[in-house]
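Undergrad: whatever this is, show me its structure:
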Amino acid sequence: MNKLRFLQFLFLIAFHFQVFSQFQANYWYFGNFNGIHFTNGYSQPITNGQLKTMEGCATISDSLGNLLFYTNGKLLYGKNHQLITDQLIGNPEASQSCIFVPYPSYPDTLFLFVNGAFGNGGLHYYLLRASQQNIISGPFLLYQPTCEKVTAVHQVNQKDFWLLTHEWNSNKFVCYAITEQGIANPIFTSIGTVHTGTSVIASGTMKFSLQGNQVACAIPYLELVERFDFANGILSNPRQKTLRNPYGVSFSPNGQYLYATGYYFAQGGTLVNEVYQWNNQNQWTPVGGWSSPLFTPEIWIGDISNAMDGKMYIAKKDAQALAVIENPNNNGLACNFNANGLITNNKTSQYGLPNFVQSFLFVPQLNFQIPNSVCATDSFVICANSNLQGNFEWIIENQSFILSNNCIPYAFTQPGEYIITLKQQNVSVSKKITVYGKPQNPFSQSILYACKGDWVTLYAKNPGASYFWSNGFSSDSININQSGIYNVKIYYGEGFCSEIYTVRVQMVDTPKFNFSDTVACDLAAMIFRNPFNDAIAIWNDTIIADSFVVNQNGNYKVKWIRAGICEYVDTFQVTISPPWVRFLPLDTAFCPIKNSIFLDAGPADSYLWNTSEVTRGIEIKEPGNYNVLRTDKNGCSTIEEIQVSTHCNLYFMPSAFTPNNDGFNDLLKPISAEVFDYEMNVFNNSGKLIFEGKEWDGKNAPEGVYMVVIEGRWSNGKKFKEVYSITLYR
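TA: Numbering: from 1, shown residues only. Here you go, the predicted model:
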């Protein structure tokens with residue numbers, strides 16, 4: 001560092017280095033004598049380069065785009081393609097073997113950083129003088145051991161630089177600030193994956209985003225792509241994705257997407273090369289690639305880099321073409337990958353592309369699109385397309401609007417011509433816009449209803465306007481009688497500030513429905529309901545409801561209205577027959593050996609019994625289930641049922657007796673009101689039969705409860721059986 005600090009006194013002319021309008025990345029030399037020249041936003045293959053390199057290389061031009069140097073870390077060529085030295089100590093087999101960084105405030109002096117390969121050799125630097133096309137001093141060891149990764153970007157002040165490398169056998173990033181005082185002490189950030197193991201893991205590229213706020217690196221064979229935030233020399237917020245054998249990484253110009261290249265061998269030996277995109281929503285999407293089947297020349301994928309035309313270029317080993325991402329600021333497949341986007345002049349690429357200070361590849365893009373015509377009072381949105389950082393300042397109608405969002409909604413209140421200016425950082429763009437008067441919507445409703453068979457007139461009147469209807473008419477009104485969607489274009493002059501307004505015309509059916517004259521049986525009231533889901537019902541000209549309750553005899557009216565215009569009226573008569581009152585008892589019983597029973601059905605206009613009798617009442621001599629159908633004069637009927645059972649109490653059986661010869665209750669026997677034949681069986685509490693006969697004197701029986709079973713025949717010959725519990729007392 002002391003040597004470097006001393007060299008500062010050799011340069012007396014201070015120079016403020018600007019990011020914008022710089023062309024240090026206009027020339028590319030790489031691969032097998034391959035090259036590209038970028039000018040005015042276009043790429044042109046060139047063949048005058050002398051460099052042949054497998055991987056790492058770097059090129060630098062002055063701020064006007066004039067070539068200064070190019071190298072692979074071993075060979076250094078000048079602006080006239082002369083070999084300056086072949087003794088640099090970098091290794092061309094490193095993925096990023098070298099990079100040029102201008103010395104801030106000293107326009108004629110450059111740093112050339114050269115890197116070792118496979119984790120060996122470390123990172124060194126030289127000082128070069130552009131005007132003399134020579135090496136001032138070096139090499140000086142900056143750091144070791146390092147991976148094959150080195151990248152640089154402008155600091156926020158757009159004058160100084162950040163230089164970043166990665167320590168080998170660790171997860172440590174090593175960052176240096178390069179200012180007019182020279183190279184500052186390193187800033188270490190231990191973050192992400194440890195780069196260790198086989199020496200191949202040391203390969204793969206590392207890049208800053210063009211804005212300098214992100215860092216990405218590829219870690220081959222660990223199959224990882226890592227992404228970090230970056231500020232003030234410190235890395236943070238580690239994220240990673242998996243990719244088979246990743247090699248090249250590069251952020252899109254707007255910094256919203258990270259692209260990575262990788263390869264693998266598919267089944268059958270096919271070499272598959274892939275390009276993946278990582279967006280800010282953390283989506284990891286394949287967006288391009290190519291394959292080399294077995295027994296065909298293997299075209300390997302290499303590094304990926306931004307360029308001065310806003311595109312991204314991808315190296316293809318041994319191919320006379322570069323793959324191109326035409327629109328890298330677009331998401332997913334909209335980035336438009338082209339496997340052979342740039343054909344080189346019979347020169348082939350290898351794995352590497354020139355390593356630049358990433359902010360040199362930053363082409364300021366600030367623009368916005370305005371509509372061809374805008375109507376007064378009509379709100380519209382203007383969106384900026386920018387790859388710059390910072391707020392957007394819009395100047396409209398002498399008002400300034402400073403927004404972090406790239407879009408601004410606006411509405412002009414009056415027709416006229418206006419200037420819209422957009423500013424961001426030190427870039428501005430202005431455009432003129434013409435605002436026209438806006439035709440008014442002639443349709444008060446989006447849907448117009450009419451009854452089928454009627455005609456409807458559609459009016460589109462706007463004073464001074466012209467018209468064109470979807471049915472071909474150009475008048476200010478049309479007559480129609482069919483359902484459909486009708487559009488009218490209303491415009492002024494030659495079509496400026498035109499508006500298309502739409503109305504739907506629906507021809508609807510008249511809601512016709514007739515209620516029959518109705519008799520309501522066995523009801524206190526009757527409910528009538530609206531049969532239509534899309535029409536209202538007005539009952540007796542007063543009640544609007546979907547249902548209507550009728551509890552009196554009479555004539556009624558209902559009006560149906562659909563869509564507010566189509567009407568239909570129905571009248572109907574309702575007769576309500578009151579509910580039936582049951583006259584028959586629910587159940588009854590009689591003793592058929594003694595008498596019969598009379599069933600009275602009650603008042604009605606006609607009767608029908610299940611015995612086929614049609615009189616109001618019938619005489620019942622046998623038990624059973626009986627029903628009667630009663631009908632009134634309105635034809636309303638009811639069925640009533642009754643169950644008639646047998647119940648005869650023709651004898652009495654005492655519940656106890658006392659066989660003590662006192663002349664009272666000495667014998668147990670039934671006391672009968674009818675002459676009948678019977679047998680009585682008595683059982684003790686063990687269930688043993690102890691008496692059979694007609695009268696039991698209880699002789700020799702102890703006090704207690706006995707079961708008595710009587711079986712017999714009435715005087716009319718019918719059989720019966722009764723069981724009693726009898727208590728014997730002494």
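Undergrad: helix/strand/coil for residue 569?
TA: strand (DSSP: H, G, I helix; E, B strand; the rest coil).
Undergrad: hmm, I typed the wrong one, I wanted residue 333.
TA: At residue 333 the chain is in helix, as set by three-state DSSP.
Undergrad: so this protein: which segments form each domain?
TA: Domain ranges of the chain: 2-11+23-361, 366-436, 447-508, 518-576, 587-646, 652-728, per automatic domain parsing.
Undergrad: which one of those domains is the most hemmed in?
TA: domain 2-11+23-361 (a mean of 20; mean count of other Cβ atoms under 10 Å). (Glycine included, C-beta is placed from N, CA and C.)
Undergrad: now that domain: mean pLDDT?
TA: The average pLDDT for domain 2-11+23-361 rounds to 93.
Undergrad: how long is stretch 368-385 end to end?
TA: One end of stretch 368-385 sits 6 Å from the other (Cα to Cα, to the nearest Å).
Undergrad: contacts for it?
TA: Contacts with stretch 368-385, where a contact means Cβ atoms under 8 Å, 6 or more residues apart in numbering, come from 365-367, 392, 394, 406-415, 420, 422, 424, 429, 431, 433-439, 496-499.
Undergrad: okay, and which of these map to strands?
TA: Among those, the members falling in strands (DSSP state E) are 366-367, 392, 394, 407-410, 420, 422, 424, 429, 431, 433-436, 496-499.
Undergrad: so the residue nearest the centre of the chain: helix, strand or coil?
TA: What sits nearest the mean C-alpha location of the chain, by Cα atoms, centre = their mean, is residue 281, with 14.1 Å. When classified by three-state DSSP, residue 281 comes out as coil.
Undergrad: residue 331 versus that one, what's the distance?
TA: As judged by Cβ to Cβ, to the nearest Å, residue 281 and residue 331 stand 9 Å apart.
Undergrad: next up, the contacts around residue 265.
TA: Contacts of residue 265 by Cβ under 8 Å, 6+ apart are 271, 272.
Undergrad: partner residues bridging it?
TA: Residues in a beta bridge with residue 265, per DSSP bridges, are residue 271.
Undergrad: any idea how far it lies from residue 291?
TA: Computed as Cβ to Cβ, the residue 265 to residue 291 distance reads 10 Å.
Undergrad: equivalent analysis for residue 399, please.
TA: Taken as Cβ to Cβ, the span from residue 399 to residue 291 is 56 Å.
Undergrad: again with residue 252
TA: 25 Å.
Undergrad: same question for residue 415.
TA: 59 Å.
Undergrad: is it fair to say residue 212 lies in a helix?
TA: No: with three-state DSSP as the criterion, residue 212 is located in coil rather than a helix.
Undergrad: may I ask which helix or strand encompasses the closest residue to residue 468 other than its chain neighbours?
TA: Distance criterion Cβ to Cβ, 6 or more residues apart in numbering; nearest residue to residue 468, sequence neighbours excluded, is residue 489 at 4.5 Å. According to DSSP states H and E, residue 489 maps onto strand 484-492.
Undergrad: so which elements touch that strand?
TA: Under the contact definition 3 or more Cβ pairs under 8 Å, 6 or more residues apart in numbering; DSSP states H and E, strand 484-492 sits against strand 466-469, strand 496-508.
Undergrad: residues in contact with the following helix or strand past the longest one?
TA: Past strand 496-508, further along toward the C-terminus, the next helix or strand under DSSP H and E is strand 518-520. For strand 518-520, the surrounding residues in contact (Cβ under 8 Å, 6+ apart) are 526, 550, 572, 573, 574, 575, 576, 577, 634, 635, 636.
Undergrad: take those and write them to JSON lines, including pLDDT, distance to residue 558 and secondary structure.
TA: What follows is those, written out as JSON lines (pLDDT from 0 to 100; distance: Cβ to Cβ, whole Å; DSSP: H, G, I helix; E, B strand; the rest coil):
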{"residue": "526", "pLDDT": "83", "distance to residue 558": "14", "secondary structure": "strand"}
{"residue": "550", "pLDDT": "87", "distance to residue 558": "11", "secondary structure": "strand"}
{"residue": "572", "pLDDT": "90", "distance to residue 558": "8", "secondary structure": "strand"}
{"residue": "573", "pLDDT": "89", "distance to residue 558": "13", "secondary structure": "strand"}
{"residue": "574", "pLDDT": "88", "distance to residue 558": "12", "secondary structure": "strand"}
{"residue": "575", "pLDDT": "85", "distance to residue 558": "17", "secondary structure": "strand"}
{"residue": "576", "pLDDT": "82", "distance to residue 558": "18", "secondary structure": "strand"}
{"residue": "577", "pLDDT": "80", "distance to residue 558": "22", "secondary structure": "coil"}
{"residue": "634", "pLDDT": "82", "distance to residue 558": "23", "secondary structure": "coil"}
{"residue": "635", "pLDDT": "83", "distance to residue 558": "24", "secondary structure": "coil"}
{"residue": "636", "pLDDT": "87", "distance to residue 558": "24", "secondary structure": "coil"}
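Undergrad: CA atoms only for stretch 171-179, dumped as CSV, please.
TA: C-alpha atoms of stretch 171-179 as CSV (Å, rounded to 0.1, in the frame of the first residue of the first chain):
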residue,chain,number,x,y,z
ASN,A,171,-17.2,-18.1,3.2
LYS,A,172,-15.4,-14.7,3.5
PHE,A,173,-16.0,-11.9,0.9
VAL,A,174,-13.2,-9.4,0.8
CYS,A,175,-14.1,-5.9,-0.4
TYR,A,176,-11.9,-2.9,-1.1
ALA,A,177,-12.8,0.7,-1.6
ILE,A,178,-10.8,2.3,-4.4
THR,A,179,-10.6,6.1,-4.1
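Undergrad: got the contact list for the nearest residue to residue 264 once chain neighbours are set aside?
TA: Excluding its sequence neighbours, the residue lying closest to residue 264 (Cβ to Cβ, 6+ apart) is residue 244, at 3.9 Å. Contacts for residue 244 were tallied using Cβ under 8 Å, 6+ apart; they are 223, 262, 263, 264, 274.
Undergrad: now residue 244, what's its secondary structure?
TA: Applying three-state DSSP: residue 244 is coil.
Undergrad: residue 692 versus that one, what's the distance?
TA: Distance of residue 244 to residue 692, given as Cβ to Cβ: 109 Å.
Undergrad: what does residue 37 give?
TA: Residue 37 is 139 Å from residue 692, where distance means Cβ to Cβ.
Undergrad: tell me the SS of the closest residue to residue 641 other than its chain neighbours?
TA: Of all residues not flanking residue 641 in the chain, residue 627 sits nearest, at 4.3 Å (Cβ to Cβ, 6+ apart). Secondary structure assignment for residue 627 (three-state DSSP): strand.
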